[in-house]
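# with the sequence up front, the predicted model follows.
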Amino acid sequence: MATEVTVKIAGEAGQGIQTIGTLLANVCHNAGLFVFSVNDFESRIRGGYSFNILRISEDPLIAPSGKPDILVAIDEKSADRDMDTHADGGIVLLNTKEQKDLPDHVHAVSFDELASSAGGRIASNTVAAGMLLSILGSGFDRLEKELTDQFSRKGEKVLDLNKKAAFAGFEKGEAVPFSEKLKFESSGNGNVLMSGAYAAALGALASNCRVFSFYPMSPATGIMASAAEFTGRLPIVVEQAEDELAAVNMAIGSSFAGVRSLTSTSGGGFSLMTEGLGLAAMTETPLVIINGQRPGPATGLPTRTAQADLLFTITASQDEFPRFVLAPGTVLETFSAVKKAFHLSDKYQVPAIVLLDQFLCDSVMTEKGTLEMDSRGDEKNLECRDSKPGKEQSGETGQPYLRYRFSENGISDRRIPGTSKALVRSTANEHDQEGNITEDAEIRTKMVDKRHSKIEYMKEEMDPPSIFSKESAVLLAGWGSSRGSIMESCLTLRSLGYDVGWLIFHDIWPLDWDQVSEVVTDRKLILVEQNRTCQLGRLIRQQTGIAFSDSVRKYDGRPLYPDFITENVKKMMEQ
């Protein structure tokens, strides 16, 4: 049986908690282990209460764990708060000079003193990393290599300090008894370790996105910060706009000019972007937006997670128009979903919105596999039935170019201004086939129908929800980043004798809801969502007429752990 250990590092913001977690995650990943790291932090630069909880296993992981085997309390407040939260048989590392009256499983060690002895108290977090890796069974050489990679660019003095501090902690850790040693044997396994935000940025870059416009709003800022790392190496522009309205209009303008572009934001910023969303829809200009959800309304909880923007995203902006809504659940799914969004937005000339959340954006996880490139986005793949005009409609023969030509599937030939003889007209007003403003009632009706005729073809592009044990009487249904926790909970429940399966949505809108109806008919649906009103459940009921039976809801802004789902579902099924 594979060994698994969960480590929780708790303290105040500014105490280097995330650095400890990053060092551990990288060393474990490079040793062929699997990692799921969750950062939980308040909206403040210093003080408060923050933690990093790191689940490490010799087998693949699909979800985080909320119960630590090793608790590292950096300050007294965290020690008081978390002392009784560790798993049975777990240990506590307490950052204190006091040695008296402590239980056997609590080990007092002053990270600050050890760091000062090594040359600087600022390296106390490196002391903690060294001690933890020693306890987990790693050799010091692995940590030394990671420190070299992390700190060599900061100069020999900084690197030497951190190596000495880490070794001091490593030696201290050798005296701490802990039975669950991990196997640090491999030299790596070619798997992926990254956050959802970084994966989203890579997905955009892999789609040949050239313009990244944004106004900072957590948790989506990390996407643009990740893209900015590639400026100077790739022909891209990363532009911080004055507000979200400017950001979305920069993206639309860039797309109109023929350059793939991306803007990212959170719910409040997306609210401001809805007028731009309508502009992209009316002008049939490709637009990709990433909405990193967080609790609202208004400012809400800026650094917490939520899944409460689903219905808003599907209907955002005035009137009716087609759009794609995708909700990936993992790092690799995020990379693929962003690529798919660019491809489909270009192909159908509609907005495409990717729904992430703070949990997925900021969590770091190992996944089996690699970031795969494919031909999606090639020019030949953008062609659609009836999308190409004849010569008399292309603007090449002296006849007017019909930018919004009526076609069976609603897709018209899209020319880039200045690249042909065609005069490209575009307006936010209703327009005729040439793009001239019109208020003609018949043309208005035809144009609305033209835009909506894309939907049936768009549905064919969408993947159905993931289904496991569809013959089960009970299905746990969810979407987006809840995926892994739902899956692990379902497997746990089945091992306990409960007849449950799962139904997890990643492509959400538009869907072939007849297919969904076939799956959910005569099944008891338990919705698992991070919002108050079961938005996916309401959408399923609206589209299929089938109501959900019960729900597991969590909307306190904190991550959704498998144990939380398991305990709630057990209560429901035992009633």
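Yep, that arrived.

# only C-alpha atoms from now on, for both contacts and neighbour counts.
Will do.

# domain parsing for the chain?
Here the domain parsing of the chain from automatic domain parsing is 4-173, 194-381, 466-574.

# need those domains in JSON lines (columns: mean pLDDT).
Formatted as JSON lines, the domains of the chain follow (pLDDT from 0 to 100):
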{"stretch": "domain 4-173", "mean pLDDT": "90"}
{"stretch": "domain 194-381", "mean pLDDT": "94"}
{"stretch": "domain 466-574", "mean pLDDT": "96"}
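
# looking at the ones you listed, which is buried most?
Of all those, domain 194-381 carries the top mean neighbour count, a mean of 22, counting by mean count of other CA atoms under 10 Å.

# can you tell me the closest non-neighbouring residue to Glu239?
Excluding the flanking residues, the one nearest Glu239 by CA to CA, 6 or more residues apart in numbering is Ser213, at 4.8 Å.

# what's the helix or strand for the one you found?
strand 211-214 (DSSP states H and E).

# just the C-alphas of that strand, formatted as PDB.
Taking C-alpha atoms only, strand 211-214 is exported to PDB below (Å, rounded to 0.1, in the frame of the first residue of the first chain):
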ATOM      1  CA  VAL A 211      -2.300  40.200 -26.400                       C
ATOM      2  CA  PHE A 212      -3.100  39.800 -22.600                       C
ATOM      3  CA  SER A 213      -5.100  42.700 -21.300                       C
ATOM      4  CA  PHE A 214      -6.200  42.800 -17.700                       C
END
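
# residues touching it, excluding its own?
The contact list for strand 211-214 (CA atoms under 8 Å, 6 or more residues apart in numbering) reads 224, 227, 236-241, 243-244, 247-248, 250-251, 254, 259-265.

# one more time with 6 Å
Ile236, Val237, Val238, Glu239, Gln240, Ala241, Ala247, Ser261, Leu262, Thr263, Ser264 (CA atoms under 6 Å, 6 or more residues apart in numbering).

# closest to Asn39 out of the residues you listed?
Ser264 (20.6 Å; CA to CA).

# looks to me like the closest one is in a strand.
Yes - counting by DSSP: H, G, I helix; E, B strand; the rest coil, Ser264 is found in a strand.

# i'd like the first residue to be 236 from this point on
Got it, the first residue is 236 from now on, which makes the last one we talked about Ser499.

# give me the nearest residue to it, chain neighbours excluded.
Nearest to Ser499 is Ile525, by CA to CA, 6+ apart, at 4.5 Å.

# quick one: secondary structure of that neighbour?
What three-state DSSP gives for Ile525 is strand.

# likewise for Val560?
Val560 ends up strand, using three-state DSSP.

# that one is in contact with Pro745, isn't it?
No - look at Val560 against Pro745 with CA atoms under 6 Å: they stay out of range, at 7.3 Å.

# okay, and the most centrally placed residue in the chain sits in which element?
Centrality entry for the chain: nearest residue to the mean C-alpha point is Leu595, 3.3 Å, by CA atoms, centre = their mean. Following DSSP H and E, one finds Leu595 within helix 593-597.

# same check, this time on Gly719
helix 718-730.

# tell me how far that helix is from the chain's mean position?
Distance of helix 718-730 from the chain centroid (CA atoms, centre = their mean, to the nearest Å) equals 20 Å.

# contact partners of the helix or strand just after that helix?
Sequence-wise, the next helix or strand downstream of helix 718-730 (DSSP H and E) is strand 735-740. Residues outside strand 735-740 that contact it (CA under 6 Å, 6+ apart): Pro700, Ser701, Ile702, Phe703, Ser704, Ser707, Val709, Leu710, Leu711, Ala712, Gly713, Trp714.

# hmm, back to that, in JSON lines, list the domains of the chain along with distance to Glu677.
Listed next are these as JSON lines, based on distance: least, CA to CA, whole Å:
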{"stretch": "domain 239-408", "distance to Glu677": "53"}
{"stretch": "domain 429-616", "distance to Glu677": "17"}
{"stretch": "domain 701-809", "distance to Glu677": "27"}
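
# follow-up on the earlier one: what is the helix holding Gly719 packed up against?
On a contact count with 3 or more CA pairs under 6 Å, 6 or more residues apart in numbering; DSSP states H and E, helix 718-730 meets helix 797-809.

# what does stretch 315-324 rub up against?
Outside stretch 315-324, the residues that touch it by CA under 6 Å, 6+ apart are Lys302, Pro303, Asp304.

# could you say what helices and strands the helix holding Leu595 packs with?
Helices and strands touching helix 593-597, as assessed by 3+ CA pairs under 6 Å, 6+ apart, comprise helix 431-441.

# and for the helix it packs on, what's in contact with it?
Gly457, Ile458, Ser461, Ala462, Val566, Thr569, Phe570, Val573, Lys574, Leu595, Cys596.

# how distant is that helix from the center of its chain?
Put simply, helix 431-441 sits 10 Å off its chain's centre (CA atoms, centre = their mean).

# for stretch 656-665, same thing?
On the basis of CA atoms, centre = their mean, stretch 656-665 sits 36 Å off its chain's mean C-alpha point.

# that stretch: end-to-end distance?
Start-to-end span of stretch 656-665 (CA to CA, to the nearest Å) is 24 Å.

# how about the helices in the stretch 536-685 of the chain?
Using DSSP state H, counting those that start in this stretch, the helices of the stretch 536-685 of the chain run over 545-550, 566-583, 593-597, 676-687.

# do the stretch 236-385 of the chain as well
Under DSSP H, counting those that start in this stretch, the stretch 236-385 of the chain gives helices at 252-265, 311-317, 346-353, 359-371, 375-386.

# nearest to Lys694, of the ones you listed?
helix 252-265 (38.5 Å).

# and Gln628, what pLDDT?
On pLDDT, Gln628 comes in at 56.

# three-state assignment of Leu762?
Quick answer, by three-state DSSP: Leu762 is strand.

# so which of the contacts of stretch 315-324 is the closest to Lys243?
Nearest member of the contacts of stretch 315-324 to Lys243, counting by CA to CA, is Pro303, at 5.7 Å.

# phi, psi of the closest one?
Backbone torsions of Pro303, given as degrees, to the nearest 10, read phi -80, psi 150.

# would you agree it is in contact with Ile244?
No - if you go by CA under 6 Å, Pro303 and Ile244 don't touch, sitting 9.3 Å apart.
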